[in-house]
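Student: just need the structure, nothing else, for what follows:
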Amino acid sequence: MKRALIAAGGALVLALVTATGMTHRPAQRESPRHPVVVVLADPMLDPVVVRAPAKRTGTTKRTSHTGIRRAVDGEPIPVEITAYCLSGTTRRGRWVRPGIVAADPRVFPLSRYIELFDGEHYLGKFLVDDTGLLIKEQHIDVWVPTCREAVRFGRVAGTAMLVPRRKR
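Tutor: All right, here's what the predicted structure looks like:
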């Protein structure tokens with residue numbers, strides 16, 4: 001039985017090679033567009049049922065494949081807080097103004113409010129309205145009107161909490 005199967009497989013390979021015109025090597029080293037693949041399987045194998053993995057449930061959300069922890073309403077997350085002083089419009093197309101912060105949208109969704117704390121000191125309630133190239137993961141960038149204030153602010157270790165949306 002095995003010899004017949006191997007002979008049939010060899011004949012199949014020979015037929016595929018002949019049909020595709022790959023009986024000799026090309027003069028130049030060109031890679032074939034679609035390489036020929038022959039899969040031989042034992043016809044006596046039992047069928048296998050493949051199921052999708054079960055969906056996870058719980059309050060902690062993670063983005064697809066990065067493992068970045070997404071903010072959950074009311075749950076404090078440790079963050080690094082800095083300040084920026086750029087003028088113009090935000091990611092959502094609005095003019096920058098006091099009360100705006102830039103954050104990684106994978107952690108803090110755009111158009112949501114967060115409350116920031118510097119240790120026990122409450123910094124305020126801010127709208128996540130902007131993103132930035134250097135704003136990755138758990139980093140919050142607070143908008144301030146002057147660059148002097150941004151330099152004076154520096155880098156602060158703090159806590160951010162996503163404010164729950166009001167139910168209508």
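Student: only C-alpha atoms from now on, for both contacts and neighbour counts.
Tutor: Noted.
Student: need the contact list for R112.
Tutor: 127-129, 162-163 (Cα atoms under 8 Å, 6 or more residues apart in numbering).
Student: buried ones among those residues?
Tutor: When those are checked for burial by 16 or more other Cα atoms under 10 Å, the buried set is 127-129, 162-163.
Student: export these as CSV, with columns for pLDDT and distance to A71.
Tutor: CSV is the format used below for these (pLDDT from 0 to 100; distance: Cα to Cα, whole Å):
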residue, pLDDT, distance to A71
L127, 93, 14
V128, 93, 12
D129, 92, 15
L162, 92, 6
V163, 90, 10
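Student: so which of these are in strands?
Tutor: Among the buried ones among the contacts of R112, the members found in strands (DSSP state E) are 127-129, 162.
Student: just for the chain, where's the confidence low?
Tutor: Low-confidence segments of the chain (pLDDT under 70): 1-67, 168.
Student: which parts of it are helices?
Tutor: 2-20, 147-153 (DSSP state H).
Student: how far does stretch 146-163 stretch from one end to the other?
Tutor: By Cα to Cα, to the nearest Å, the extent of stretch 146-163 from end to end equals 27 Å.
Student: buried residues in that stretch?
Tutor: 150, 158-163.
Student: closest one to V72 out of those residues, please.
Tutor: Within these, the smallest distance to V72 is 6.4 Å, found for L162 (Cα to Cα).
Student: now V156. Nearest residue, chain neighbours left out?
Tutor: Among residues not flanking V156 along the chain, I81 sits closest, at 5.0 Å (Cα to Cα, 6 or more residues apart in numbering).
Student: tell me the bridge partners for that neighbour.
Tutor: Beta bridges link I81 to I140, V156 when assigned by DSSP bridges.
Student: what residues are up against it?
Tutor: 139-142, 155-158.
Student: need these in CSV with distance to R97, can you?
Tutor: Below are the contacts of I81 laid out as CSV (distance: Cα to Cα, whole Å):
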residue, distance to R97
H139, 19
I140, 16
D141, 13
V142, 10
R155, 20
V156, 21
A157, 23
G158, 22
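Student: can you count the residues close to W143?
Tutor: 24 (other Cα atoms under 10 Å).
Student: per-domain residue ranges of the protein.
Tutor: Residue ranges for each domain of the chain read 1-43, 69-162, as given by automatic domain parsing.
Student: gap between V151 and V72?
Tutor: Separation of V151 from V72 (Cα to Cα) stands at 31 Å.
Student: quick check, nearest of the buried ones among the contacts of R112 to P76?
Tutor: L162 (7.7 Å).
Student: report the contact partners of the closest one.
Tutor: Counting by Cα under 8 Å, 6+ apart, the residues that L162 touches are 71-76, 108, 112-115.
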